[in-house]
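Participant: The sequence and its predicted three-dimensional model are supplied below.
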Amino acid sequence: MTSKNAVDLRYDSVIKTFRPGDRDACEREWRALTLLATYAPGLAPAPYRVELGAAEPLVVM
(Lines give C-alpha, C1' and ligand atoms only; values in the text may rest on other atoms or scores of the structure.)
Protein backbone atom coordinates (compact mmCIF):
# COMPACT_ATOMS: atom_id res chain seq x y z
CA MET A 1 0.00 0.00 0.00
CA THR A 2 1.35 3.44 -0.90
CA SER A 3 0.72 6.52 1.17
CA LYS A 4 -1.35 9.30 -0.32
CA ASN A 5 0.23 12.01 1.81
CA ALA A 6 3.02 12.87 4.20
CA VAL A 7 2.53 14.27 7.69
CA ASP A 8 5.14 16.47 9.34
CA LEU A 9 4.53 16.83 13.09
CA ARG A 10 5.98 20.00 14.59
CA TYR A 11 5.69 21.36 18.10
CA ASP A 12 3.20 24.05 17.05
CA SER A 13 1.62 22.65 13.87
CA VAL A 14 1.01 19.68 11.61
CA ILE A 15 1.75 19.92 7.89
CA LYS A 16 -0.06 17.43 5.69
CA THR A 17 1.37 17.24 2.17
CA PHE A 18 -0.53 15.57 -0.65
CA ARG A 19 0.83 13.90 -3.76
CA PRO A 20 1.31 16.07 -6.85
CA GLY A 21 -1.98 16.40 -8.67
CA ASP A 22 -4.06 15.51 -5.60
CA ARG A 23 -5.44 19.02 -5.22
CA ASP A 24 -9.02 17.76 -4.78
CA ALA A 25 -8.16 15.71 -1.69
CA CYS A 26 -6.29 18.67 -0.21
CA GLU A 27 -9.24 20.95 -0.88
CA ARG A 28 -11.65 18.47 0.76
CA GLU A 29 -9.40 18.26 3.82
CA TRP A 30 -9.27 22.06 4.09
CA ARG A 31 -13.04 22.39 3.66
CA ALA A 32 -13.69 19.77 6.35
CA LEU A 33 -11.29 21.42 8.80
CA THR A 34 -12.76 24.89 8.26
CA LEU A 35 -16.33 23.63 8.66
CA LEU A 36 -15.44 21.74 11.84
CA ALA A 37 -13.64 24.80 13.21
CA THR A 38 -16.76 26.88 12.59
CA TYR A 39 -19.49 24.50 13.74
CA ALA A 40 -17.70 22.14 16.15
CA PRO A 41 -14.63 23.98 17.49
CA GLY A 42 -12.12 21.77 19.26
CA LEU A 43 -13.27 18.56 17.57
CA ALA A 44 -10.49 18.57 14.96
CA PRO A 45 -7.22 20.46 14.48
CA ALA A 46 -7.72 24.13 13.65
CA PRO A 47 -6.95 25.00 10.01
CA TYR A 48 -4.12 27.50 9.64
CA ARG A 49 -3.05 27.61 5.97
CA VAL A 50 -3.65 25.84 2.67
CA GLU A 51 -1.52 25.84 -0.49
CA LEU A 52 -3.69 24.35 -3.23
CA GLY A 53 -1.56 25.68 -6.09
CA ALA A 54 1.72 24.16 -4.86
CA ALA A 55 3.37 21.31 -6.75
CA GLU A 56 2.55 19.18 -3.71
CA PRO A 57 -0.59 20.74 -2.18
CA LEU A 58 -0.53 21.06 1.60
CA VAL A 59 -2.64 21.89 4.63
CA VAL A 60 -1.20 23.37 7.81
CA MET A 61 -3.20 22.81 10.97
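Facilitator: Received it, and whenever you're ready, just let me know what you need.
Participant: Can you list the strands that the one helix or strand in the chain whose mean pLDDT sits lowest pairs with?
Facilitator: When the helices and strands of the chain are scored by mean pLDDT, DSSP states H and E, strand 5-9 comes last with a mean of 94. If you go by DSSP bridges, strand 5-9 pairs up with strand 14-18 (antiparallel).
Participant: packing partners for whichever helix or strand comes after the partner strand?
Facilitator: Next along the chain after strand 14-18, taking DSSP states H and E as the criterion, comes helix 23-39. For helix 23-39, the packing partners by 3 or more C-beta pairs under 8 Å, 6 or more residues apart in numbering; DSSP states H and E come out as strand 14-18, strand 49-51, strand 58-60. Bear in mind the C-beta positions are built from the backbone N, C-alpha and C, glycine included.
Participant: what comes up buried for helix 23-39?
Facilitator: Neighbour counts using 16 or more other C-beta atoms under 10 Å place 23, 25-26, 29-30, 33, 36-37 of helix 23-39 among the buried residues.
Participant: Go through the helices and strands packed on helix 23-39 and pick out the most buried.
Facilitator: strand 58-60 (a mean of 21; mean count of other C-beta atoms under 10 Å).
Participant: tell me the mean pLDDT for that strand?
Facilitator: Per-region confidence: strand 58-60 scores 98 on mean pLDDT.
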